[in-house]
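Participant: one predicted model, sequence on top.
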Amino acid sequence: MQSILIANRGEIAVRVIRTCKEMGIKTVAIYSEADVNSMHVKLADKSICIGPPETSRSYLDIPKVMSALEVSNAEGVHPGYGFLSENPKFAEIVRASGKVFIGPAPETLELIGDKVKAKEVARKIGLPLVPGSDGPVDFQKALEVASRVGYPVVIKAAAGGGGRGIRVVNNDRELREKFPLAVQEAEVAFGDGRLYVEKYLINPKHIEFQVLADRYGNVLTLGERECSIQRRHQKLIEESPSSILGEEKRMEIEGLVADFCREIGYEGAGTVEFLMDQEGNFYFMEMNGRIQVEHPVTEMVYHIDLVEWQIRIAKGERLELKKPQRRGYAIECRINAEDPNTFLPSPGKVEELYLPGGYGVRVDTHLYCGYTVPPFYDSLIAKLVCWGLTREEAIARALRALEEFRVSGKGLKTNIDFHKRVLSSREFRQGKHHIRFVEELML
Ligand code: MV4
């Protein structure tokens, strides 16, 4: 592959361009009219404007992206995360055009996008599942399942995922009320009204496993990331390894995750998501078929470039490397351009920028002095990733780096102080945080 089009923007487009350059691969950026001055446009060898700021008419507009791909003569497309990254139709159109989609096959994206089908495969290969319905349910069946597993239960959309289309229900009356609404909502949001039911876990941790898989059935698992510090399904802090997971349990889950990937013919980088309850039991939730925002924490402890391997796998290379030795602990803080009190986006011009550095510090960002953060997209402006030989050292380094981190300008606010509060909290330091930690911290 001599040339790759990056169908994304912001820090992840910059991240992908960097690895392409190191591999001697030419890069093509696409951008919206709001992103003319973006870092990814400046760093790419070639760039093509594909439309107005609205994502539906630019980064999400398949015909526009495909035209750019045609005129650019790039051989491959890296979709990054979000946007078209897990869209089976896009992956299929890219393949049909004779180009390489850097990611799983469209059929695989289709399968893992269907949470009911993914759970079926998980059950077959022996991954633990939350007690609930085996497949989609109607209201009567939902009532039966709820009485079998006990309230509270959660109703989920088969076509949902990542927190979209989930509803907690505490009794028969609420189920009767919410079930028809959930069907309607799922039909509108996903064009698929199928629902399934699970017992609702109280204060679990969110733990996900990283995999790389080639088309020859070789699967490399690279441990886990704990992502429990989140708000409204937006992760804020992620770390690897999880402080509460022993080597034995890690290896057990890694084995099952590898079986799952082989079973579905998974190719590329992927993430298998679990919830862990307060007794330490793991439950399969879903698989994500993309490079994730938080991939750098895995890179920092396993010393491997995941984007490089995405590209090598897409070229048809074999995953013939030995599993790298994990070393130390890495923590990522997502720096967002948002109001620290309301969490609302707070974009603006970057007038002063001081990025932290030093041993064990990595900053992935598309910011530069004079750049204006546009209001149309995700508020993520930087990822601060800090490594330490121990978790305590990683936390101390992250606090030091956050102290150095300075970004300001007209209208621009960030959540840097929020991160300092979390990293200083007793719960986080003791590893006792769970998915409702931020809610409880803010009370
Ligand atoms: C759950 C759950 C509790 N019990 N399932 C939301 C995202 C989706 N991937 C899974 N989600 C959840 N599923 C059962 N049976 C709680 C959540 C959940 C959650 C999970 C991970 C990270 C943040 C979350 C925030 C709210 C709810």
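Facilitator: Good, I have the coordinates. Predicted model, so just to flag it, every value in this text is computed and none were measured.

Participant: quick one: contacts for residue 327?
Facilitator: Residues near residue 327 by CB atoms under 8 Å, 6 or more residues apart in numbering: 301, 303, 389. Glycine gets a C-beta too; all of them are placed from N, C-alpha and C.

Participant: give me the buried subset of these.
Facilitator: residue 301 (16 or more other CB atoms under 10 Å).

Participant: from the contacts of residue 327, which land in helices?
Facilitator: Counted as lying in helices by DSSP state H, out of the contacts of residue 327, are residue 301.

Participant: could the contacts of residue 327 go into JSON lines alongside pLDDT?
Facilitator: Shown next, in JSON lines, are the contacts of residue 327 (pLDDT from 0 to 100):
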{"residue": "301", "pLDDT": "98"}
{"residue": "303", "pLDDT": "98"}
{"residue": "389", "pLDDT": "98"}
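
Participant: distance to the ligand added to the contacts of residue 327, as CSV?
Facilitator: Shown next, in CSV, are these (distance: CB to the nearest ligand atom, whole Å):
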residue, distance to the ligand
301, 21
303, 28
389, 28
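
Participant: now the contacts of residue 327 in a markdown table, please, with extra columns for distance to residue 159.
Facilitator: Listed next are these as a markdown table, based on distance: CB to CB, whole Å:
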| residue | distance to residue 159 |
| --- | --- |
| 301 | 34 |
| 303 | 37 |
| 389 | 43 |
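
Participant: now residue 259, nearest residue through space, not along the chain?
Facilitator: Computed as CB to CB, 6 or more residues apart in numbering, the closest residue to residue 259 that is not its neighbour in sequence is residue 125, at 4.6 Å.

Participant: any idea how far the ligand is from that neighbour?
Facilitator: 19 Å (CB to the nearest ligand atom, to the nearest Å).

Participant: please apply the same query to residue 341.
Facilitator: According to CB to the nearest ligand atom, residue 341 and the ligand sit 21 Å apart.

Participant: residues in contact with that residue?
Facilitator: By CB under 8 Å, 6+ apart, no residues touch residue 341.

Participant: tell me the SS of it?
Facilitator: Per DSSP: H, G, I helix; E, B strand; the rest coil, the secondary structure class of residue 341 is coil.

Participant: what parts of this protein come near the ligand?
Facilitator: 130, 154, 161-163, 166, 198-201, 204, 206, 230, 233, 273, 275, 285-286, 435 (CB under 6 Å from any ligand atom).

Participant: can we see that at 5 Å?
Facilitator: On the criterion CB under 5 Å from any ligand atom, the ligand has as its neighbours in the chain the residues 130, 154, 163, 198, 200, 201, 206, 230, 285, 435.

Participant: tell me who's in contact with residue 307.
Facilitator: Counting by CB under 8 Å, 6+ apart, residue 307 touches 15, 16, 19, 78, 291, 295.

Participant: from the chain's centre, how far out does stretch 356-373 sit?
Facilitator: Averaging C-alpha positions (CA atoms, centre = their mean, to the nearest Å) puts stretch 356-373 20 Å from its chain's average.

Participant: which one of the contacts of residue 327 is nearest residue 416?
Facilitator: residue 301 (23.7 Å; CB to CB).

Participant: which residues does that closest one contact?
Facilitator: Listed by CB under 8 Å, 6+ apart, the contact partners of residue 301 are 223, 240, 241, 326, 327, 328, 329, 330, 387.

Participant: do residue 25 as well
Facilitator: 1, 2, 3, 4, 311.

Participant: thought the fourth one was touching residue 75?
Facilitator: Yes - Residue 4 sits in contact with residue 75 when judged by CB atoms under 8 Å, with a separation of 7.2 Å.

Participant: so of the contacts of residue 25, which ones are in helices?
Facilitator: residue 311.

Participant: neighbour-wise, give me the winner out of the contacts of residue 25.
Facilitator: Among those, residue 4 has the most neighbours (other CB atoms under 10 Å), with 27 neighbours.

Participant: against the ligand, how distant is that residue?
Facilitator: Per CB to the nearest ligand atom, residue 4 is found 30 Å from the ligand.

Participant: and that residue, what's its pLDDT?
Facilitator: Listed pLDDT for residue 4 reads 98.

Participant: contacting residues for the most centrally placed residue in the chain?
Facilitator: Centroid-nearest residue in the chain, with CA atoms, centre = their mean: residue 292, separated by 3.5 Å. Residues near residue 292 by CB under 8 Å, 6+ apart: 81, 208, 271.
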